[in-house]
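1. Structure, please.
(chains A and B)
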There are 2 protein chains.
Amino acid sequence: MFTPRFLYDFEWFLLPFVSLFIIWYTIDAKAMVSDEKEYIEIAEMMRNEALLFEGTYIILEKILESGPRFAGSPGYTAAVDITQRIMEDLGFDKVWLEPVSVPRWIRGEPEKANIVNSERLGTVPLSVLALGGSVSTPKGGIVSEVIEVQDFEQLREIGEKARGKIAFFNRPMDRRNVNTFAAYSGAVNQRSRGAIEAGRFGAIAVLVRSMTTQIDTYPHTGMMRYDDTVPKIPAAAISTFHADLLSEELLHNPDLNVFLEINAFASSPVINYNVMGELSGYQYPNEIIVVACHLDTWDVSVGAHDNGAGCAQAISAIKLLKDLGLRPKRTVRAVLYANEEFGVSGGREYVQSENRKNEKHIAAMESDRGGFLPLGFTIDSSTEVVDYLQRYSYLFSPLQMHTIVQGYGGVDITPLKEYGTLTIGLLVDSQRYFDIHHSEKDTIDKVNPRELELGTIGMALLAYVLSEEGIPDWLAKDSLSN
Amino acid sequence: MFTPRFLYDFEWFLLPFVSLFIIWYTIDAKAMVSDEKEYIEIAEMMRNEALLFEGTYIILEKILESGPRFAGSPGYTAAVDITQRIMEDLGFDKVWLEPVSVPRWIRGEPEKANIVNSERLGTVPLSVLALGGSVSTPKGGIVSEVIEVQDFEQLREIGEKARGKIAFFNRPMDRRNVNTFAAYSGAVNQRSRGAIEAGRFGAIAVLVRSMTTQIDTYPHTGMMRYDDTVPKIPAAAISTFHADLLSEELLHNPDLNVFLEINAFASSPVINYNVMGELSGYQYPNEIIVVACHLDTWDVSVGAHDNGAGCAQAISAIKLLKDLGLRPKRTVRAVLYANEEFGVSGGREYVQSENRKNEKHIAAMESDRGGFLPLGFTIDSSTEVVDYLQRYSYLFSPLQMHTIVQGYGGVDITPLKEYGTLTIGLLVDSQRYFDIHHSEKDTIDKVNPRELELGTIGMALLAYVLSEEGIPDWLAKDSLSN
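-> As a prediction, the model looks like this:
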């Protein structure tokens, strides 16, 4: 009989160890396979349940009954009541509020603007919206020449020519980006810092082209900042249609005057609330998986996509676990943050709350890119962590969520990062978001119930897997150091 | 000096052959890399050009000026003129029409339906639309009891109880499918064969729940068939809201009567036209890559998504090649097919035309799932062909088109399959399609210019690559045999 050579060489005393290794490996592999099977079944149950009932849309309808939910406004308080009641009625293990001090800014009488002395067109009304935080114009408004620039570079070249004038920042979002968030990032400094840069050169007000790729007459507001070393000048967004029109008129008549009136003012900070609801973990109740959104909106918008959709998904994701009888090992918590839009107060105060003392936040995921078709997740961590999470891609493929990549987590959950929490963003189709972002167009008719629901399923599924598996220590460290 | 063992064993007479192989391999690899680089640059040029100008939407607006474009209608003829003119104005190398005989069906006076004798509700109007091809009711309509069934199985069980009644097919599309086309396939036999199956058991008319996952009052029409061995009975779609209401009422009152009036009739076939426009191949002008759509719609809909979007994309894809100065090796041809909805006449006559005699159709791709966010392509061929095409996935990743899988090509291009043409379908987000499909809701406000444009880029890019590379013979055979 032929005996293979390696058997002669084999160190027989190793046999028990090898056997043990094989047995351990087999058991482990089987356990993994059985976990995998279980997760696949759970994922299917989630799809069936959620897509059949489309409950997220119904929750969204209820949230939007609040109307606009701007920081410090009665609408925000109404939304706190509504969402607290929803989660209580759904029988979450625990529902509570945590106070957040928020700055208060009031738009006052609607802003107005028009071209004063166009020879071709006469007086032309311009659709504008004061930017969030803007000071008012002098009572009765201002009338001034306008100087158009594309960026801060050009502004600095013009320099003193801006003195006494309205600086008009008119650089469009770059539509060539497939990812509209990249286009937004490339244009939004005009809105956030335009008043500072123009104020340096003595401009008396700022008009900023709305942050959208569509050409229409809707102005889109948003956050702006001042700098204490520079005079504070009023700032407004102008609709893209009117920005193009104004730019065209300035070609014909560079001495054109524009009238602008803003009646906004700041008031004392008030107390708002973060709204929390959770399913408590049966094994590690103090280890938390956060499913996040922000409950506030701009004052001119009911915020169906930004971010009513995210809040409806956060609540609905936990409802889905509960409806399917899935008790999580770790706590899965919906956090509806106060005041993201006007200073991220809710996100900051959440991490500083006394209630966080005995809690360890494993992971936080946020849906704040609109309730559109989900494509996957962006992981705010190292490539090792991304690779690790990609092992679960088999669960997300049936949802057509094929993209698990490095990227941003979310504004409200970013303060958790320094406590070692892995932050994750729901990635969705971004093509339609800036059509409606921060404008009165952000209404529920722009939300498709199925697309919204698919996001809920993705969030619920990842939250559940993370609650079961936790995150290995070496990865947790890794994400911490990122 | 140490000399590695293998050098002693080396057969030195092989050296020239090995050297030649290495040289050939290097040159080939370099050529591939340079092709790859060129394609990447072309893909980027396409994205920049198309996303900046969003020209597909403008073409779509022009097409929709025709109004509904039902087979044989004046609207269809108007659309032929419009699209022919668009392609001529764009300076395509060749634009022409080919006649297609199409059957003619006319809806006549609007159909009407109501519940006659509900004790609870009195007379309740029901939103209905005759199905395409339906015969009329007797003049003045019919009044009859209604028998509700979920499927043909249940109908056969009920059997003779259906005699003299209106058969009401009320099985909803299964919303649990992530892919709504799968849900559609699972429900649409009620619409296409309901009148045949109910006619067998002596039913006098058919009401079919609209093919949509939304609950609203819009009926969705579509194709139906008769069978010469069975009496032809009138058939209408009923809105999902009214289907639910009728079902609920039947629970309370099984003897409920419903009134239905349909005034539709068939007329003599007429001549419509397929509309073609192309960039001629500079090397193999008789080898064709088709970019396809159907120009016709249902009579109640301007068909912004179904399939105006596809036609705008087909034209715009060729415009994009032209605008970028990309002369294709093989001919790239837009084919806007006549009459898909009412019998696929255009697709059938295209392959039989004399003009096809000296042409070889390498590949045909169709966009007929709406102008929504493109996700990739479905390849109606073997896994080998899918694998082969996936080598180009690096070109489609920046478009977020990650899904290149086996699947259906398209209704109009399927007749090309038996001539060995590879057929490919543009895969898009399907969540919103059946909200508007075959109903008056299919209007341009449901189309996002960027999502539409991304589809154009995907189609133009794949058409260009296929025109440059062709398809290897072994693959062509493979796809033929599939």
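2. And the residue of the stretch 201-350 of chain A that's closest to chain B?
-> Residue of the stretch 201-350 of chain A nearest chain B, by C-beta to the nearest C-beta: A:Thr213 (6.8 Å). No exception for glycine: its C-beta is placed from N, CA and C like everyone else's.
3. Pull the contacting residues for that residue.
-> A:172-173, A:175, A:180, A:183, A:434-435, B:450 (C-beta atoms under 8 Å, 6 or more residues apart in numbering or on different chains).
4. Confirm it sits in a strand?
-> No: counting by DSSP: H, G, I helix; E, B strand; the rest coil, A:Thr213 falls outside a strand, being coil.
5. Any figure for the gap between the closest residue to A:His305 other than its chain neighbours and A:Asn263?
-> Nearest residue to A:His305 in three dimensions, chain neighbours excluded: A:Gly370, at 3.8 Å (C-beta to C-beta, 6 or more residues apart in numbering or on different chains). Distance, A:Gly370 to A:Asn263, by C-beta to C-beta, to the nearest Å: 31 Å.
6. Neighbour count: these two, which is higher?
-> Between A:Gly370 and A:Asn263, counted using other C-beta atoms under 10 Å in any protein chain shown, the more crowded position is A:Gly370 (29 against 17).
7. before we move on, the earlier item: now flag whichever of the contacts of A:Thr213 is closest to A:Ile106.
-> Comparing those against A:Ile106 with C-beta to C-beta places A:Phe434 closest, at 26.0 Å.
8. Ignoring the adjacent residues along the chain, who's closest to the closest one?
-> Here the residue nearest A:Phe434, using C-beta to C-beta, 6+ apart, is A:Thr212, at 4.7 Å.
9. residue contacts, the one you found?
-> A:173, A:218, A:220, A:240, A:434-435, A:437, A:439.
10. Mind doing that once more with 10 Å?
-> A:172-173, A:180, A:183-184, A:187, A:218-220, A:237, A:239-240, A:433-439, A:441 (C-beta atoms under 10 Å, 6 or more residues apart in numbering or on different chains).
11. Also A:Ala78?
-> So A:Ala78 contacts A:63, A:65-67, A:69 (C-beta under 10 Å, 6+ apart).
12. if you set the cut-off to 8 Å instead, what comes out?
-> By C-beta under 8 Å, 6+ apart, the residues touching A:Ala78 are A:65-67, A:69.
13. before we move on, what about A:Ile271?
-> A:99-102.
14. same thing with A:Ser136?
-> A:108, A:234, A:262-265.
15. A:Pro398 touches A:Glu41, doesn't it?
-> No: A:Pro398 is not in contact with A:Glu41 according to C-beta atoms under 8 Å; the separation is 11.9 Å.
16. more neighbours, the two?
-> The neighbour count for A:Pro398 versus A:Glu41, taken as other C-beta under 10 Å, is higher for A:Pro398 (14 against 10).
17. Over to that one: give its phi and psi.
-> Main-chain torsions, A:Pro398, degrees, to the nearest 10: phi -60, psi -20.
18. Up against chain B, what does chain A have?
-> Proximity of chain A to chain B, by C-beta under 8 Å from any C-beta of the partner chain, involves residues A:47-48, A:51-52, A:54, A:175-178, A:180, A:213-214, A:373, A:375, A:398-400, A:402-403, A:429, A:431-432, A:435, A:448-451, A:454.
19. now the contacts of A:Ile271: which count as buried?
-> Among those, those classed as buried by neighbour count (16 or more other C-beta atoms under 10 Å in any protein chain shown) are A:100, A:102.
20. Format the contacts of A:Ile271 as a markdown table; extra columns: distance to A:Val258.
-> Below are the contacts of A:Ile271 laid out as a markdown table (distance: C-beta to C-beta, whole Å):
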| residue | distance to A:Val258 |
| --- | --- |
| A:Pro99 | 43 |
| A:Val100 | 38 |
| A:Ser101 | 37 |
| A:Val102 | 33 |
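21. follow-up on the earlier one: mind putting the contacts of A:Ser136 in TSV, pLDDT included?
-> Converted to TSV, these look like this (pLDDT from 0 to 100):
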residue	pLDDT
A:Gly108	96
A:Pro234	98
A:Ile262	98
A:Asn263	97
A:Ala264	98
A:Phe265	97
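22. Filter the residues you listed down to the buried ones.
-> A:234, A:262-264.
23. so what's the residue nearest to A:His305 up against?
-> So A:Gly370 contacts A:305-306, A:309, A:428, A:430, A:432-433, A:437 (C-beta under 8 Å, 6+ apart).
24. With A:Val206 instead?
-> A:166-169, A:194-195, A:198, A:233-236.
25. By neighbours, which of the residues you listed wins?
-> The most crowded member of those, judged by other C-beta under 10 Å, is A:Ala235 (34 neighbours).
26. isn't that one right next to A:Ala205, touching?
-> Yes: contact criterion C-beta under 8 Å: A:Ala235 and A:Ala205 qualify, at 6.9 Å.
27. Could you check how many residues crowd around the residue nearest to A:Met46 when sequence neighbours are not counted?
-> Distances taken as C-beta to C-beta, 6+ apart put A:Ile457 closest to A:Met46, at 5.0 Å, once the chain neighbours are dropped. By the measure other C-beta under 10 Å, the count of residues near A:Ile457 is 27.
28. got any ranges where the stretch 351-482 of chain A has weak pLDDT?
-> Low-confidence segments of the stretch 351-482 of chain A (pLDDT under 70): A:477-482.
29. and with 90 instead?
-> Residue ranges of the stretch 351-482 of chain A with pLDDT under 90: A:472-482.
30. quick one: secondary structure of A:Gly376?
-> State at A:Gly376, reduced to three classes by three-state DSSP: strand.
31. oh, I was asking about A:Tyr350
-> Per three-state DSSP, A:Tyr350 ends up helix.
32. Next up, identify which helix or strand the nearest residue to it once chain neighbours are set aside is on.
-> Once flanking residues are discounted, A:Tyr350 sits nearest to A:Asn274: 5.7 Å by C-beta to C-beta, 6+ apart. In this structure, A:Asn274 sits in strand A:265-279 according to DSSP states H and E.
33. which is the next helix or strand following that strand?
-> Using DSSP H and E, the first helix or strand after strand A:265-279 is strand A:284-294.
34. Using CSV, write out the CA atom coordinates for stretch A:238-251.
-> The C-alpha trace of stretch A:238-251 is given here as CSV (Å, rounded to 0.1, in the frame of the first residue of the first chain):
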residue,chain,number,x,y,z
ILE,A,238,-32.2,84.7,-4.0
SER,A,239,-34.0,82.2,-6.2
THR,A,240,-31.9,80.8,-9.1
PHE,A,241,-34.3,82.3,-11.7
HIS,A,242,-34.0,85.7,-10.2
ALA,A,243,-30.2,85.4,-9.7
ASP,A,244,-29.9,84.7,-13.5
LEU,A,245,-32.2,87.6,-14.2
LEU,A,246,-30.3,90.0,-12.0
SER,A,247,-27.0,88.8,-13.5
GLU,A,248,-28.4,89.4,-17.0
GLU,A,249,-29.7,92.9,-16.0
LEU,A,250,-26.3,93.8,-14.5
LEU,A,251,-24.7,93.1,-17.9
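35. Pull out the buried residues from it.
-> Going by neighbour count (16+ other C-beta under 10 Å), the buried part of stretch A:238-251 is A:238-243, A:245-246, A:249-250.
36. Show me where the stretch 51-200 of chain A has its helices.
-> A:55-64, A:74-89, A:152-158, A:180-185, A:189-200 (DSSP state H, counting those that start in this stretch).
37. Of those, which is nearest B:Glu359?
-> Closest to B:Glu359 of the helices of the stretch 51-200 of chain A is helix A:180-185 (C-beta to C-beta; 41.1 Å).
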